[in-house]
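1. No sequence on hand, only this structure:
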């Protein structure tokens with residue numbers, strides 16, 4: 001089936017009891033077992049829930065994986081995946097990653113005895129040099145948050161496959177399976193914050209991991225049940241509803257993102273715009289090769305904290321808020337918001353300056369967004 005068809009139907013068959021076209025919200029904590037020692041596959045809602053199972057099947061189908069597992073947040077999904085790396089083993093983490101991911105690895109995973117290195121995974125020589133005999137996982141975001149650096153997924157996957165038992169995990173939150181398919185390019189596991197584009201309406205927090213290997217499915221399913229950081233039935237329902245319009249939403253996000261980025265690239269007050277769809281982006285050719293679109297995430301340099309503040313404080317249609325990927329446009333200041341947990345010196349090296357602003361372009365009329373951006377930039 002085509003992607004748009006799968007968004008509406010994959011994992012979302014009519015309810016077998018009533019024929020309801022939308023998967024019902026099975027708001028139950030437990031299930032009646034017909035007799036001792038026999039059940040119908042449903043025992044306890046932490047272990048399994050029909051609404052959550054439908055979402056897991058849906059995202060697994062969209063990403064081309066063998067199984068999906070839904071969690072209470074994107075970080076909970078990532079944490080479950082990271083349990084595949086044991087004490088004394090080594091993780092390679094993309095050096096420009098979401099601040100929450102860095103915090104989880106640096107402050108939590110390291111206390112479990114996991115070794116890690118921050119590596120520029122867009123540089124294959126650097127990645128190859130960082131691989132060790134005890135390396136078990138390479139975790140990348142592409143594009144990165146927030147400076148939009150790409151990693152060549154196929155090339156990174158080839159390096160991982162050349163090592164004994166090294167998994168490639170790709171955070172695909174910024175593009176969604178509508179615009180990028182990491183598993184088709186060689187990734188072993190894909191993770192998402194479903195809070196973002198999959199849900200698309202800023203009314204649910206969740207995460208999902210999609211796997212390709214049976215042993216990973218068995219382990220992550222075990223962790224999901226054992227640790228219990230599951231997604232609720234209602235949140236599962238909201239994300240399923242959002243996925244039905246994912247294809248059309250991402251098409252509009254992509255069109256508007258390109259227009260806003262092109263406009264920003266010509267603005268005399270801006271020195272730098274990060275957007276893979278621009279010809280000026282150093283990895284534009286890679287973006288065209290491995291992505292089906294460029295998306296709606298844009299970052300740009302205003303020059304200073306004061307300039308960023310003046311710009312952000314003028315916004316009204318574009319909300320100053322954490323998160324991204326909703327129907328409404330959002331703006332944030334990465335240095336003090338999404339990446340505040342990253343040391344200042346590291347932020348500086350990555351280009352996450354005090355003047356950097358990130359925008360998630362929503363579904364409003366793009367001319368209204370451009371007019372508001374111009375009014376804000378006129379103040380800096």
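-> All right, it came through fine. The shown structure was predicted, so the numbers you read here are calculated from the model rather than taken from an experiment.

2. domains of the protein?
-> Each domain of the chain is listed here as a residue range: 3-244, 247-377, per automatic domain parsing.

3. For the first one, the averaged confidence score.
-> Taken as a whole, domain 3-244 has an average pLDDT of 96.

4. Figure out how far that domain is from the centre of its chain.
-> 9 Å (C-alpha atoms, centre = their mean, to the nearest Å).

5. now the end-to-end length of it.
-> Taking C-alpha to C-alpha, to the nearest Å, domain 3-244 runs 11 Å from one end to the other.

6. what does the last one give?
-> With C-alpha to C-alpha as the measure, domain 247-377 spans 32 Å from end to end.

7. centre of the chain versus it, how much separation?
-> Taking C-alpha atoms, centre = their mean, one finds the center of domain 247-377 at 16 Å from the center of the full chain.

8. Neighbouring strands - and their directions - for the top strand by length along the chain?
-> Assignment by DSSP state E gives strand 135-141 as the longest strand of the chain. In the sheet, strand 135-141 lines up against strand 90-94 (parallel), strand 167-171 (parallel) (DSSP bridges).

9. Mean neighbour count added to the ones you listed, as a markdown table?
-> For glycine as for every other residue, the C-beta is placed from the backbone atoms N, C-alpha and C. Formatted as a markdown table, these follow (neighbours: other C-beta atoms under 10 Å):
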| stretch | mean neighbour count |
| --- | --- |
| strand 90-94 | 24 |
| strand 167-171 | 26 |
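
10. Could you point out which of these sits nearest residue 356?
-> Residue 356 lies closest, by C-beta to C-beta, to one member of those: strand 90-94, at 17.8 Å.

11. quick one: contacts of the closest one?
-> Here strand 90-94 makes contact (C-beta atoms under 8 Å, 6 or more residues apart in numbering) with 82, 85, 101-102, 105, 109, 114-121, 127, 130-132, 134-142, 144, 151.

12. Try it again at 6 Å.
-> Residues from elsewhere that reach strand 90-94 (C-beta atoms under 6 Å, 6 or more residues apart in numbering): 85, 105, 114-119, 121, 130, 132, 134-135, 137-141.

13. got it, and stretch 52-67?
-> Applying C-beta under 6 Å, 6+ apart, the set of residues contacting stretch 52-67 is 6, 10-12, 23, 68, 70, 177, 181, 183-184, 190, 208, 210-212, 217, 231, 236, 239-240, 243.

14. for this protein, what's the longest helix?
-> helix 246-265 (DSSP state H).

15. Show me what that helix is packed against.
-> Taking 3 or more C-beta pairs under 6 Å, 6 or more residues apart in numbering; DSSP states H and E as contact, the helices and strands that helix 246-265 lies on are helix 3-9, helix 176-179, helix 366-377.

16. between these, which gets nearest to residue 247?
-> Taking the helices and strands packed on helix 246-265 one by one with C-beta to C-beta, helix 3-9 is closest: 3.9 Å.

17. and the longest helix of the chain, how far from the chain's centre?
-> Counting by C-alpha atoms, centre = their mean, helix 246-265 comes out at 18 Å from the chain centroid.

18. So which bits of that helix are buried?
-> By 16 or more other C-beta atoms under 10 Å, the buried positions in helix 246-265 come out as 246-247, 249-250, 252-254, 256-258, 260-261, 263-265.

19. Among the contacts of stretch 52-67, which lie within helices?
-> Per DSSP H, the subset of the contacts of stretch 52-67 in helices is 6, 177, 217, 236, 239, 240, 243.

20. quick one: the first one and residue 143, what's the gap?
-> Translated: residue 6. To residue 143, residue 6 is 24 Å away according to C-beta to C-beta, to the nearest Å.

21. Comparing the two, which residue is more hemmed in?
-> Remark: of residue 6 and residue 143, residue 143 carries more neighbours, 26 against 19, as counted by other C-beta atoms under 10 Å.

22. is it true that the more buried one lies in a helix?
-> No: with DSSP: H, G, I helix; E, B strand; the rest coil as the criterion, residue 143 is located in coil rather than a helix.

23. That one and residue 274, how far apart?
-> To residue 274, residue 143 is 8 Å away according to C-beta to C-beta.

24. Then residue 248?
-> Applying C-beta to C-beta to residue 248 and residue 274 gives a distance of 26 Å.

25. still on that earlier bit, name only those of the contacts of stretch 52-67 that count as buried.
-> 6, 10-12, 23, 68, 70, 177, 181, 183, 190, 208, 210-212, 217, 231, 236, 239-240, 243.

26. circling back to that earlier point, next structured bit after the longest helix of the chain?
-> Later in the chain than helix 246-265, the nearest helix or strand by DSSP states H and E is strand 272-274.

27. got the contact list for that next one?
-> Applying C-beta under 6 Å, 6+ apart, the set of residues contacting strand 272-274 is 147, 148, 264, 265, 299, 300, 301.

28. right, and the helix or strand after that strand?
-> helix 284-290.

29. In the very next helix or strand once past that next one, which residues are buried?
-> As assigned by DSSP H and E, the chain's next helix or strand after helix 284-290 is strand 297-301. Under the neighbour-count criterion of 16+ other C-beta under 10 Å, strand 297-301 has 297, 298, 299, 300, 301 buried.

30. okay, those in JSON lines with pLDDT and distance to residue 156 next?
-> Below are the buried residues of strand 297-301 laid out as JSON lines (pLDDT from 0 to 100; distance: C-beta to C-beta, whole Å):
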{"residue": "297", "pLDDT": "98", "distance to residue 156": "20"}
{"residue": "298", "pLDDT": "98", "distance to residue 156": "24"}
{"residue": "299", "pLDDT": "98", "distance to residue 156": "23"}
{"residue": "300", "pLDDT": "98", "distance to residue 156": "27"}
{"residue": "301", "pLDDT": "98", "distance to residue 156": "28"}
